[in-house]
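Participant: Sequence and predicted structure are below.
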Amino acid sequence: AIWRDPHKKPSYLFALVAGDLGHISDSFVTASGKDVALAIYVEHGREERARYAMDALKRSMAWDEQVYGREYDLDIFNIVAVSDFNMGAMENKGLNVFNDKYVLASPETATDDDYANIEGVIAHEYFHNWTGDRVTCRDWFQLCLKEGLTVFRDQDFSADMRSAPVERIGDVRTLRAAQFPEDAGPLAHNVRPEVYHEINNFYTATVYQKGAEVVRMLKRLIGAQAFRAGMDLYFERYDGSAATVEDFIGCFETVSGHDLSQFMHWYNQAGTPKVTVRGAYDPAAKTYRLDLAQSLAPTPGQNVKLPMTMPLALGLVGSNGGDMPLTSSDASADELQSGVFELKDADRSIVFRDVPERPTLSFLRGFSAPVRVDDDLTEQDLIVLSRHDSDNFNRWQSLQSLATRILLRGVKAIRDGRAPERNGGLAAAFGALIEDVRAGRIDHAFGALAMSLPTESDIAREMGEDVDPDAIHAARTGLRGVLGRTYSGALAALHAELADASPFAPDAAAAGRRALRNVALGLFVDGDAIRGLELAHRQLAEADNMTERLGALAAIAFKPDDNRERALDAFGRRYAAEPLILDKWFALQAQIPERETLERVRGLMNHHAFSLANPNRVRSLIGGFTANQKEFSRPDGAGFALLEEVVTALDPSNPQIAARLLTAMRSWRSLEDVRRGHAEAMLRRIAAKPSL
């Protein structure tokens, strides 16, 4: 047989798939009236589970036409989903190859996060048709040109499909959890790296997530209209060719008139900038002085750093909860109108006039730049922002910052042999949040995020050094218990109010309701174990969807009782023929914060459903365990030793997954002395192996 394909494409994007597969078909009519045949190929018997992916594909095609003016060029578009695949997906021209976890979904088998991930990854790979396929990279050093840009595009798509503030919070949480540690450790590298030992090492959070943030800053700096014009020019100039970051940035200089040479530092300098913010109110002059300063610490191979240019979105919140008008002779009219101020030098001062009272500063709204912030906000300021800030991202951030301060003090108290403090301010803010949710003043999805404390990894990252995972876990668990006990009645009532007998829908509103219900359940269990576990077992038995079923199982698994093992075993038997659900079952058990978990993981490695040859299964069990900060970073080093065994065994057959697992060690230098010693010894043993 001869396959004739007249369309130009980069050679690395050619794909050929052969196999006995089932499929579903559909079609999409482009803006110009062309009919495109669509098909998704999956294992036989799983065809109906690809329906949501097909719907997401059609919405992606329509969105790219509406937002970027990009129409699909071919007359067919195929997706093939397989279960054994190292990556999430690959944008091969006209024939995308997917890990089936990002294609298959049904209410019985997929969580709301699964649905959202399917939507986002389907969109990401489709958007590559223009940003990656038709305009590709001149060389691998330009990888961020297609990946960072396309992540930015898929993030905006998800924001339009769902709740923009909720999606933004999720994107920033991912950035902070995956990319900030990369910037802070020995693996720090530029968004556009300058050297590599192995090309697979380029596929990092810095290239993808930070690369997306750089594009987002560019749009903020030049404005949405100029950004769209720049994208149009980029496609016009480089369609059918290979481009560089300089080519990309040059298009925006042309259409906007901005000199973006300093902006290029974001591509050429590693590390996360720190912005120091200090405010001072003069009641006599009715002025508020804001002093900003940026710094960037040395990173491996880069001792000298230059100032970045960054958009800093801010507002001044009054005692009545509203934003104050911004008036200053130290800022441009555009800055004062938009509330986005550009920091280009090492420091900048802005004096705002006609400020009638001491304001509360709302800084870095929408997380307008990927930076760390050192501010002088009081805890009362954070409480005010949590109630009144007009920017939902900063409402969430203020609660996270308040809880982080309390947890850091709790960690210190525990290590000093003292009892952590009871903080009435946070408890009151938390109670007000529950009231707002129950009264419908904030949506469920945002409420679920706002009621979730910073993770143990978040606290470790804030500590930066001398990290003791046991103390962090104890402080966080203790605070959850205090909040759960204080508001047990309200949490139980909220959980009951969020029950829904209507048919399952994967939309954002229904997903937000289920997320909040699970958060309420988890806190209730931590506050009242007896009644909470009874409620969790009931939810597990009655739930008609995987989100609530898995949420209940997690509450049971993390708060052991006599029925825990029976519940886990029953779940495993029920879904023995469902690989994607078994992945969740393995991961959940690996994350139980108990000393016996290491042996549990070793036992699960001998389970008949576990295989080192299956990337999804390895990521679930071993990757899940490395995310369990308390047990992976045990003071005896046994958790690190397990990872060493797995990486050594896996490297000959799948070095990509082995290397990815080892990124769990990127922050080893921040651990306290004993754990750091075990971590370093393990890494030296791996590095000394002749086969690596």
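Facilitator: Structure received.
Participant: What distance do you get for residue 236 to residue 10?
Facilitator: 19 Å (C-beta to C-beta, to the nearest Å). Every C-beta, even on glycine, is put in place using the N, C-alpha and C of the backbone.
Participant: Of these two, which one has the most company?
Facilitator: residue 10 (16 against 9; other C-beta atoms under 10 Å).
Participant: Check whether the more buried one really touches residue 242, as I assumed.
Facilitator: Yes. Between residue 10 and residue 242 there is a contact at 7.3 Å, judged by C-beta atoms under 8 Å.
Participant: Check which helices and strands the lengthiest helix in the chain is in contact with.
Facilitator: For the chain, the helix that runs over the most residues, judged by DSSP state H, is helix 392-415. On a contact count with 3 or more C-beta pairs under 8 Å, 6 or more residues apart in numbering; DSSP states H and E, helix 392-415 meets helix 164-174, helix 379-388, helix 424-438, helix 444-450, helix 456-463, helix 469-486.
Participant: looking at the ones you listed, which is buried most?
Facilitator: Highest mean neighbour count among the helices and strands packed on helix 392-415 (mean count of other C-beta atoms under 10 Å): helix 444-450, with a mean of 23.
Participant: With just CA atoms, put it into PDB.
Facilitator: C-alpha atoms of helix 444-450 as PDB (Å, rounded to 0.1, in the frame of the first residue of the first chain):
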ATOM      1  CA  HIS A 444     -18.000  25.800  44.900                       C
ATOM      2  CA  ALA A 445     -14.800  25.200  43.000                       C
ATOM      3  CA  PHE A 446     -13.200  28.300  44.400                       C
ATOM      4  CA  GLY A 447     -14.400  27.400  47.900                       C
ATOM      5  CA  ALA A 448     -12.800  23.900  47.600                       C
ATOM      6  CA  LEU A 449      -9.400  25.500  46.800                       C
ATOM      7  CA  ALA A 450      -9.800  28.200  49.500                       C
END
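Participant: residues in contact with that helix?
Facilitator: 162-163, 165-166, 169-170, 386, 392, 395-396, 399, 433, 436-437, 442, 498, 508-509, 511-513, 515-516, 518-519 (C-beta atoms under 8 Å, 6 or more residues apart in numbering).
Participant: bridging residues for residue 360?
Facilitator: Beta-bridge pairing of residue 360 under DSSP bridges involves residue 317.
Participant: any chance you could map the strands in the stretch 201-350 of the chain?
Facilitator: Counting by DSSP state E, counting those that start in this stretch, one finds strands in the stretch 201-350 of the chain at the ranges 241-243, 274-282, 287-295, 310-317, 340-343, 347-352.
Participant: Single out the most deeply packed of the ones you listed.
Facilitator: The stretch of the strands of the stretch 201-350 of the chain with the highest mean neighbour count (mean count of other C-beta under 10 Å) is strand 310-317, at a mean of 22.
Participant: related to what we said a few turns ago, shared neighbours of residue 10 and residue 242, anything?
Facilitator: residue 136.
Participant: Now for residue 99: which residues touch it?
Facilitator: 81-83, 85, 87-89, 615-616.
Participant: Let's see that with 10 Å instead.
Facilitator: Going by C-beta atoms under 10 Å, 6 or more residues apart in numbering, residue 99 touches 81-90, 121, 580, 615-616.
Participant: Show me the residues you listed that map onto helices.
Facilitator: Those of these lying in helices (DSSP H): 121, 580, 615-616.
Participant: out of these, who's nearest residue 405?
Facilitator: residue 121 (35.9 Å; C-beta to C-beta).
Participant: Can I get the strands of the stretch 201-350 of the chain in CSV including distance to residue 476 and mean pLDDT?
Facilitator: Output for those, formatted as CSV (distance: least, C-beta to C-beta, whole Å; pLDDT from 0 to 100):
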stretch, distance to residue 476, mean pLDDT
strand 241-243, 46, 95
strand 274-282, 25, 98
strand 287-295, 30, 99
strand 310-317, 29, 98
strand 340-343, 34, 98
strand 347-352, 36, 99
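Participant: can you tell which of the ones you listed is closest to residue 550?
Facilitator: strand 310-317 (36.1 Å).
Participant: still on that earlier bit, and the strands of the stretch 201-350 of the chain: which comes nearest residue 489?
Facilitator: The nearest among the strands of the stretch 201-350 of the chain, by C-beta to C-beta, is strand 310-317 at 31.5 Å.
Participant: Show me how far the closest one is from its chain's centre.
Facilitator: 23 Å (C-alpha atoms, centre = their mean, to the nearest Å).
Participant: cool, stretch 500-514 as well?
Facilitator: On C-alpha atoms, centre = their mean, the centre of stretch 500-514 falls 22 Å from the chain's centre.
Participant: Is the closest residue to residue 14 other than its chain neighbours in a helix, a strand, or coil?
Facilitator: In this structure, residue 14 finds its nearest non-sequential neighbour in residue 92, 6.8 Å apart by C-beta to C-beta, 6 or more residues apart in numbering. When states are read from DSSP: H, G, I helix; E, B strand; the rest coil, the local structure at residue 92 comes out as coil.
Participant: Near residue 92, how many residues? Count them for me, please.
Facilitator: Neighbours around residue 92, by other C-beta under 10 Å: 21.
Participant: got it, and residue 580?
Facilitator: Residue 580: 21 neighbours (other C-beta under 10 Å).
Participant: circling back to that earlier point, which of the contacts of residue 99 has the largest number of neighbours?
Facilitator: residue 81 (25 neighbours).
Participant: now that one: how far from residue 22?
Facilitator: Residue 81 is 11 Å from residue 22, by C-beta to C-beta.
Participant: picking up where we left off before, now tabulate the ones in helices among the contacts of residue 99 in CSV and tack on pLDDT and distance to residue 330.
Facilitator: Formatted as CSV, these follow (pLDDT from 0 to 100; distance: C-beta to C-beta, whole Å):
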residue, pLDDT, distance to residue 330
121, 98, 44
580, 95, 55
615, 94, 54
616, 95, 54
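Participant: No more questions from me, cheers.
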